[in-house]
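J.: Sequence first, predicted coordinates after that:
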Amino acid sequence: MPAWVLPASIFVGFALFFAVLFQDRLLPAAHVKIAPVLVTEEAATTKSGHAIAQPAEAVLFQASGWIEPDPYPIKVTALTDGVIATVEVLEGQDVEKDQLLVSLVDEDARLVLSAAERRHTLLTSAREVHLAAVDTMKQKRQVTVQEVAAAQAMAADAEDQLARLDRVVKTSAISQSDYVSGRFRLEREKSLHLAAKAKEAEAAAEVRRMELETQSKNDEIALAAVAVDQAKLALRRTQVRAPVKGRVLRLMAAPGDKKMLGMDHPDSSTVCILYEPEKLQARVDVPLSDAAHLRVGQKARIHTSMLSNVVFEGEVLRINGEADLQRNTLQAKVHIKAPADQLRPEMLCRVEFLTEGKPLSGEATSLPGASSALSLWVPADALHGDQVWVCDPETRKITARTVTRSGQFRDGYQSITEGLLAGEWVVLSRGDWRDGQRVNPQPIKP
């Protein structure tokens, strides 16, 4: 037997296996038009035609949901990059506000703080030396001021002496050389006076320069103080503390983990998630067939499997702005009043939405023998005798369903009493279908 026969046989066997297993995915899906099963509601009446009054806070409808924090879980974030040194809490543990949760390695932050403090001290000392130099320069300026005054006095004296010599020289009482010497002395004293004034102006300018330099050094010290505050903040942020009193919902840290604040991953710097046990709500997916009765402020009752004997009072907080097309539901948030400490987020619950006892139409009277007010309608094109094909939007597969018709027909829709649920999608397209066949549904609005 050739050597290639065995590998080829194995390959062909696997190919046939996958072909049989995934034949629906390998073959193209048929395009079909689907439409939802509609539900209409009329006033509940007695046999005599009177409207029925609902009892106070009667159950209008119910839906399943999940418990979650109200309004949001609280992410505790490390506000600085680093490596986790110690973790002080565990999942499910109660924590107090400002309690230490996680500590990061802080040696680098301590060194940065020490360097910032040393630089601040150095600049402060340099300013003190500079201020001493400014005082010395001011004293030198005072000396130059005195020198200017002395030079001015000497120039005035020389001018007076020359004036006297000018009067006497005409009588030949003094020699011509003495007169010339007096004139040269006056010129010399004037020059010395000008030099003293220039020296005083230079000293004044130096004082002004040093005073401006003092302001610059003050700004440098202020900047160094900001650097010290930043270093202290970075060191303080190596200790991650609880922002509120609550309970650890999920721990996302372990010793040695790296936390980076600037990364794209939303939880790259998250150390844990907290929630407040006294603030819980139910996330409820309400079928669209019941969503017409849903409103903000509506009272509700919440049941859980864990506390089967306890019923929690609730109230509808808000209704989502968009329905879920695949699930055919509308999500609502129901606040849980006084939740038990045993409740935890993501626990499954059942929520009963209550009515306030108002009649559905007309004036209410409590009479027996009421008839049902709900009717199901399917497009007539979807009926194949007493059979319809129902499409699951999630799996995109169809199954055959036997239904029971009533005698009502309206606007191309046939009334159904059994076999279908409100909101299910039925196939309108004709074809040789089989159970479990994969299709490509194209919803049509009624």
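T.: Looks like it came in fine. Residues are numbered from 1 along each chain as shown.
J.: could you say what helices and strands the longest strand anywhere in the chain packs with?
T.: Among the elements of the chain assigned as strand by DSSP state E, the one spanning the most residues is strand 59-69. Counting contacts by 3 or more CB pairs under 8 Å, 6 or more residues apart in numbering; DSSP states H and E, strand 59-69 is packed against strand 280-287, helix 288-291, strand 329-336, strand 348-354. Where you see a C-beta, it was placed from the backbone N, CA and C, and this is true even at glycine.
J.: Name all residues that make contact with the closest residue to C349 other than its chain neighbours.
T.: In this structure, C349 finds its nearest non-sequential neighbour in T304, 4.9 Å apart by CB to CB, 6 or more residues apart in numbering. For T304, the contact set (CB atoms under 8 Å, 6 or more residues apart in numbering) comprises 67, 310, 312, 343, 347-350.
J.: hang on, the earlier thing: where among the helices and strands packed on strand 59-69 is the average confidence lowest?
T.: Of all the helices and strands packed on strand 59-69, mean pLDDT reaches its minimum on helix 288-291 (a mean of 85).
J.: circling back to that earlier point, which parts of the longest strand of the chain are buried?
T.: By neighbour count on 16 or more other CB atoms under 10 Å, the buried set for strand 59-69 is 60-63, 65, 67-69.
J.: Would you reformat those residues as a markdown table and include pLDDT?
T.: Putting those into a markdown table (pLDDT from 0 to 100) gives the following:
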| residue | pLDDT |
| --- | --- |
| L60 | 83 |
| F61 | 85 |
| Q62 | 85 |
| A63 | 88 |
| G65 | 90 |
| I67 | 94 |
| E68 | 94 |
| P69 | 94 |
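J.: tell me what the strand or helix carrying K199 is packed against?
T.: If you go by DSSP states H and E, K199 is part of helix 176-236. In terms of contacts (3+ CB pairs under 8 Å, 6+ apart), helix 176-236 is packed against helix 107-168.
J.: can the helices and strands packed on strand 59-69 go into JSON lines with extra columns for mean neighbour count and distance to A3?
T.: Listed next are the helices and strands packed on strand 59-69 as JSON lines, based on neighbours: other CB atoms under 10 Å; distance: least, CB to CB, whole Å:
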{"stretch": "strand 280-287", "mean neighbour count": "23", "distance to A3": "59"}
{"stretch": "helix 288-291", "mean neighbour count": "19", "distance to A3": "63"}
{"stretch": "strand 329-336", "mean neighbour count": "22", "distance to A3": "59"}
{"stretch": "strand 348-354", "mean neighbour count": "19", "distance to A3": "58"}
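J.: out of the ones you listed, which comes closest to L123?
T.: Nearest to L123, of all the helices and strands packed on strand 59-69, is strand 280-287, at 54.4 Å by CB to CB.
J.: what is the orientation angle of that closest one with strand 329-336?
T.: In terms of direction (axes from the mean of the first three to the mean of the last three CA atoms, to 10 degrees), strand 280-287 departs from strand 329-336 by 150 degrees.
J.: For strand 280-287, which strands pair with it and how are they oriented?
T.: Strand 280-287 has the following strand partners under DSSP bridges: strand 59-69 (antiparallel), strand 329-336 (antiparallel).
J.: In a markdown table, list those along with distance to K97.
T.: Compiled in a markdown table, those are given as follows (distance: least, CB to CB, whole Å):
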| stretch | distance to K97 |
| --- | --- |
| strand 59-69 | 16 |
| strand 329-336 | 23 |
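J.: Tell me which of these approaches V32 most closely.
T.: Nearest to V32 among the strands paired with strand 280-287 is strand 329-336 (22.5 Å), distances taken as CB to CB.
J.: And for that closest one, what's in contact with it?
T.: Applying CB under 8 Å, 6+ apart, the external contacts of strand 329-336 come out as 63, 65, 67, 70-71, 280-288, 291, 294, 300, 302, 312-320, 323-324, 343, 351.
J.: The helix or strand that the longest strand of the chain is followed by: how far from the chain's middle?
T.: For strand 59-69, the following helix or strand on the C-terminal side (DSSP H and E) is strand 74-77. Distance of strand 74-77 from its chain centroid, counting by CA atoms, centre = their mean, to the nearest Å, is 10 Å.
J.: Which strands and helices lie in contact with strand 74-77?
T.: Using 3+ CB pairs under 8 Å, 6+ apart, strand 74-77 is in contact with strand 270-275.
J.: on that earlier part again, turn the helices and strands packed on strand 59-69 into a markdown table, columns for distance to S177.
T.: As requested, these are exported to a markdown table (distance: least, CB to CB, whole Å):
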| stretch | distance to S177 |
| --- | --- |
| strand 280-287 | 116 |
| helix 288-291 | 126 |
| strand 329-336 | 116 |
| strand 348-354 | 125 |
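J.: Of all those, which one comes closest to W377?
T.: Closest of these to W377 is helix 288-291, at 11.7 Å (criterion: CB to CB).
J.: Quick check: which helices or strands does that closest one pack against?
T.: strand 59-69, strand 329-336.
J.: so the last one versus strand 348-354, what angle?
T.: Read that as strand 329-336. Going by the same axes, to 10 degrees, strand 329-336 makes 90 degrees with strand 348-354.
J.: Enumerate the positions of stretch 116-132 that are buried.
T.: 116-117, 119-120, 123, 127.
J.: Let me have those in JSON lines, adding distance to A109 as columns.
T.: Formatted as JSON lines, these follow (distance: CB to CB, whole Å):
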{"residue": "A116", "distance to A109": "11"}
{"residue": "E117", "distance to A109": "13"}
{"residue": "R119", "distance to A109": "16"}
{"residue": "H120", "distance to A109": "16"}
{"residue": "L123", "distance to A109": "21"}
{"residue": "R127", "distance to A109": "27"}
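J.: Secondary structure element for T417, which one?
T.: With DSSP H and E as the test, T417 turns up in strand 413-418.
J.: Next, count neighbours for the residue nearest to R110 when sequence neighbours are not counted.
T.: Using CB to CB, 6+ apart and skipping residues adjacent in sequence, the residue nearest R110 is L235, 6.2 Å away. L235: 18 surrounding residues under other CB atoms under 10 Å.
J.: before we move on, what about the one 3 residues further on?
T.: The number of residues packed near T238 is 21, by other CB under 10 Å.
J.: Residue numbering should commence at 36 henceforth.
T.: All right, first residue 36 from here; so that's T273.
J.: That one contacts A144, correct?
T.: Yes: under the criterion of CB atoms under 8 Å, T273 makes contact with A144 at 5.6 Å.
J.: which neighbours do the two share?
T.: Joint contacts of T273 and A144 (CB under 8 Å, 6+ apart) are T115.
J.: related to what we said a few turns ago, and the contacts of T339 as CSV, adding distance to T179?
T.: CSV is the format used below for the contacts of T339 (distance: CB to CB, whole Å):
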residue, distance to T179
I102, 86
V345, 94
F347, 90
L378, 86
M382, 89
L383, 93
C384, 91
R385, 96
